[in-house]
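1. With the sequence up front, the predicted model follows.
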Amino acid sequence: MKLKNKTILFIEDNDSFREGITEFLKMHQINVIEAKNKEETLEIFYKNKDKIDLILSDLKLPDGNGIEILNIVKKIDSSIPFIFLTGQPDVESAVQALKAGAWDYLTKPVDLQHLLHKIQSCLENLSLQKENKELKRKLSEITTSEFIVGNSPAIRKVIEKAKQIAPTDITVLIEGESGTGKELLANFIYQNSLRKDKPFLKINCGALVKSLIESELFGVVKGAYTGADKDRAGLFEAANGGTIFLDEIGELDLESQVRLLRVIEEKSVIRVGSTKPIPVDVRIIAATNKNLLKEVEKGNFREDLYYRLAVAKLVLPPLRERKEDIILLFNHFVVEFNEKYGKSITKLSPEVLKFFQNYDWPGNIRQFKNVLESMVILAQDDTLTINDLPEELLKGASPTAKRNLVDTIIPGITLEEYEKAIIQKNLEFTNGNREKTAELLGISSRTLYRKINEYNFK
């Protein structure tokens, strides 16, 4: 981080020491405002508070101490960091200063380069905090809900419909490919429903053991089968009055589908091994990555249950159909990863953004998030570059891209012309990085150099 034009308020009653430090800081193009005591400091601060980036202060002053100044300043602007200096190093003073909210504590005589490093580190951290806060603010303005990030027409249409159905009690079916955010959408519906203060249980139907599905969902009575040593309520009873989210509903076997249909129609459950119905008042939100109507045609899903679940149907678009949301997703996730890994990523290089927008993201937002996390970990500065992309992403096009590649081939163009165009395109993509280009093309650097000379690339 450049310190040029940053402004430091330096409080020190020793004239020669203050002047020496001031001269050193000015050599590094830092603006310094000097003060000798508490009274002068407060007068200067009130006049210049909007332009002060950091306060460097002696701990002990003729008319008070630095901690008193810190307490006054923090009430006016808590974002201004303090670094204390003292000629009397003791643990008690250090602890007192840090507890009061100081950024750091240095003892005299001060190593000038060490001081400069501390100032730079402090301001970098402050800048990162401000950037992350600003990213969160911007994101809150452009996200369509508390849970789902996006501003594309495709996602806004889904959210608007979800807002309309959320306050009702109708069953909802959410369809969408894996990784599109079906559970997030279910959360959104629940949080905006009249049942938001009641239980919200989530069940992955695909993860339930087939032999235990019915007892898990509907409960069991003692002695119903080996191991059923006591009466136990099922998840529907536990969710009574609230909402139940049945994820991967398409994995439910046909026998369990019949039981679920009965629960929806009769608003009651019968525990396994019992004949006594137990009334339940539960709203159902179901989700699947399958096309349930096609599953109905195949005989894998009951048609009557499908229409009971799909009173309201929401289809989440895949990421490849809402690529205008990629930059918003980047801004959203990068804040999380910056905080998690102590990074300061703020930008995507044009090459990476282009790659993101051209890639088909078969794993959708879940895949995008995982890729971005990996890149943030590897990044060396504030911008994600092509060098930070995972190798597996670079080496293979997504399935859709591979299918569409054949469609772009024009009959009559020679193999040599295609080879030349492919090399040129990859060189442009990597900004002329021949090693990276060779890696993308799956050839050796030596072969690439020979081809470049052969085709007379500049």
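-> It's in. Residues are numbered from 1 along each chain as shown.

2. Domain parsing of the chain, as residue ranges.
-> Per the record's domain assignment (automatic domain parsing), the chain is made up of the domains 7-138, 153-317, 320-399, 409-454.

3. Reformat those as CSV; add mean pLDDT and mean neighbour count.
-> Every C-beta, even on glycine, is put in place using the N, C-alpha and C of the backbone. Compiled in CSV, the domains of the chain are given as follows (pLDDT from 0 to 100; neighbours: other CB atoms under 10 Å):
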stretch, mean pLDDT, mean neighbour count
domain 7-138, 85, 16
domain 153-317, 92, 17
domain 320-399, 87, 17
domain 409-454, 77, 13
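
4. Helices of the stretch 351-458 of the chain, start to end?
-> For the stretch 351-458 of the chain, applying DSSP state H, counting those that start in this stretch gives helices covering 364-378, 391-395, 399-407, 415-429, 434-441, 445-454.

5. make that the stretch 201-350 of the chain, sorry
-> 213-218, 235-238, 254-266, 292-298, 303-309, 326-341, 350-358.

6. Tell me which of those helices sits nearest to Glu19.
-> Across the helices of the stretch 201-350 of the chain, Glu19 has its closest neighbour in helix 326-341 (39.0 Å, CB to CB).

7. Pull that closest one out as PDB, backbone CA atoms only.
-> C-alpha atoms of helix 326-341 as PDB (Å, rounded to 0.1, in the frame of the first residue of the first chain):
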ATOM      1  CA  ILE A 326     -21.200 -13.400 -11.800                       C
ATOM      2  CA  ILE A 327     -19.700 -10.100 -10.800                       C
ATOM      3  CA  LEU A 328     -22.300  -9.700  -8.000                       C
ATOM      4  CA  LEU A 329     -21.500 -13.300  -6.800                       C
ATOM      5  CA  PHE A 330     -17.800 -12.400  -6.900                       C
ATOM      6  CA  ASN A 331     -18.400  -9.300  -4.700                       C
ATOM      7  CA  HIS A 332     -20.500 -11.300  -2.300                       C
ATOM      8  CA  PHE A 333     -18.200 -14.300  -1.800                       C
ATOM      9  CA  VAL A 334     -14.900 -12.400  -1.900                       C
ATOM     10  CA  VAL A 335     -15.900 -10.400   1.200                       C
ATOM     11  CA  GLU A 336     -16.400 -13.700   3.000                       C
ATOM     12  CA  PHE A 337     -13.100 -15.200   1.800                       C
ATOM     13  CA  ASN A 338     -11.100 -12.000   2.400                       C
ATOM     14  CA  GLU A 339     -12.200 -12.100   6.100                       C
ATOM     15  CA  LYS A 340     -11.600 -15.800   6.300                       C
ATOM     16  CA  TYR A 341      -8.100 -15.800   4.900                       C
END
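
8. Out of the helices of the stretch 351-458 of the chain, which gets nearest to Asn358?
-> helix 399-407 (7.6 Å).

9. is it true that Gly179 touches Arg366?
-> Yes. Gly179 sits in contact with Arg366 when judged by CB atoms under 8 Å, with a separation of 3.3 Å.

10. what's the distance between stretch 318-337 and the middle of its chain?
-> Taking the mean of its C-alpha atoms, stretch 318-337 sits 9 Å from the chain's own mean (CA atoms, centre = their mean, to the nearest Å).

11. One more: stretch 261-280?
-> Worked out by CA atoms, centre = their mean, stretch 261-280 lies 41 Å from the chain centre.

12. Thought Ala228 was touching Ser215, still the case?
-> Yes. Using CB under 8 Å, Ser215 makes contact with Ala228 at a distance of 7.5 Å.

13. Common neighbours of the two, please.
-> Val272 (CB atoms under 8 Å, 6 or more residues apart in numbering).

14. and Ser274, what is it in contact with?
-> Val221, Ala224.

15. on that earlier part again, mind putting the helices of the stretch 201-350 of the chain in JSON lines, distance to Ile452 included?
-> JSON lines is the format used below for the helices of the stretch 201-350 of the chain (distance: least, CB to CB, whole Å):
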{"stretch": "helix 213-218", "distance to Ile452": "61"}
{"stretch": "helix 235-238", "distance to Ile452": "63"}
{"stretch": "helix 254-266", "distance to Ile452": "61"}
{"stretch": "helix 292-298", "distance to Ile452": "50"}
{"stretch": "helix 303-309", "distance to Ile452": "58"}
{"stretch": "helix 326-341", "distance to Ile452": "32"}
{"stretch": "helix 350-358", "distance to Ile452": "19"}
